[in-house]
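Chemist: with the input below, show me the fold.
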Amino acid sequence: MGRESTLKPNYEILAYITRVKERLLASNCLCLLAESEESAKEMTVDIAKAMKADVVQLTNGDYMIIRV
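Modeler: Model prediction:
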């Protein structure tokens with residue numbers, strides 16, 4: 001490990017949106033449980049716009065809202 005192991009990540013996870021209750025973990029970001037895929041998408045877009053942040057869709061279908 002070089003110098004990069006001591007550097008703080010240059011992003012912040014602001015919110016995590018999922019449809020699976022078991023994937024909700026305690027953290028310092030907003031964690032939301034969506035009822036359907038459509039409501040997850042709508043919540044994600046609305047929150048990202050309000051926070052002026054970026055959206056990442058994970059391969060498992062969950063969404064993360066991050067600020068770089």
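
Chemist: who touches stretch 61-68?
Modeler: Applying CB atoms under 8 Å, 6 or more residues apart in numbering, the contact partners of stretch 61-68 are 10-20, 23, 37, 40-41, 44, 47-48, 51-58. Every C-beta, even on glycine, is put in place using the N, C-alpha and C of the backbone.

Chemist: return the subset of those residues lying in strands.
Modeler: When DSSP state E is applied, the contacts of stretch 61-68 are split such that 12, 13, 14, 15, 16, 17, 18, 54, 55, 56, 57 fall in strands.

Chemist: which one of the residues you listed has the most neighbours?
Modeler: residue 17 (25 neighbours; other CB atoms under 10 Å).

Chemist: coming back round to it: nearest to residue 31 among the ones in strands among the contacts of stretch 61-68?
Modeler: residue 16 (5.0 Å; CB to CB).

Chemist: so what's the closest one up against?
Modeler: 24, 27, 29, 30, 31, 32, 62, 63, 64, 65.

Chemist: sec struct for the fifth one, please.
Modeler: So the one you mean is residue 31. strand (DSSP: H, G, I helix; E, B strand; the rest coil).

Chemist: these two touch, right, it and residue 20?
Modeler: No: the pair residue 31 / residue 20 is not scored as a contact, 11.7 Å apart, by CB atoms under 8 Å.

Chemist: pick out whichever of these two has more residues nearby.
Modeler: residue 31 (15 against 11).

Chemist: can you pull out the helices in the chain?
Modeler: Under the criterion DSSP state H, the chain contains helices at 37-51.

Chemist: show me where pLDDT drops low in this protein?
Modeler: 1-6 (pLDDT under 70).

Chemist: show me what contacts the closest residue to residue 30 other than its chain neighbours?
Modeler: Once flanking residues are discounted, residue 30 sits nearest to residue 15: 4.1 Å by CB to CB, 6 or more residues apart in numbering. Counting by CB under 8 Å, 6+ apart, residue 15 makes contact with 29, 30, 31, 32, 44, 47, 51, 63, 64, 65.

Chemist: who wins on neighbours among those?
Modeler: Counting by other CB under 10 Å, top hit in these: residue 65 with 25 neighbours.
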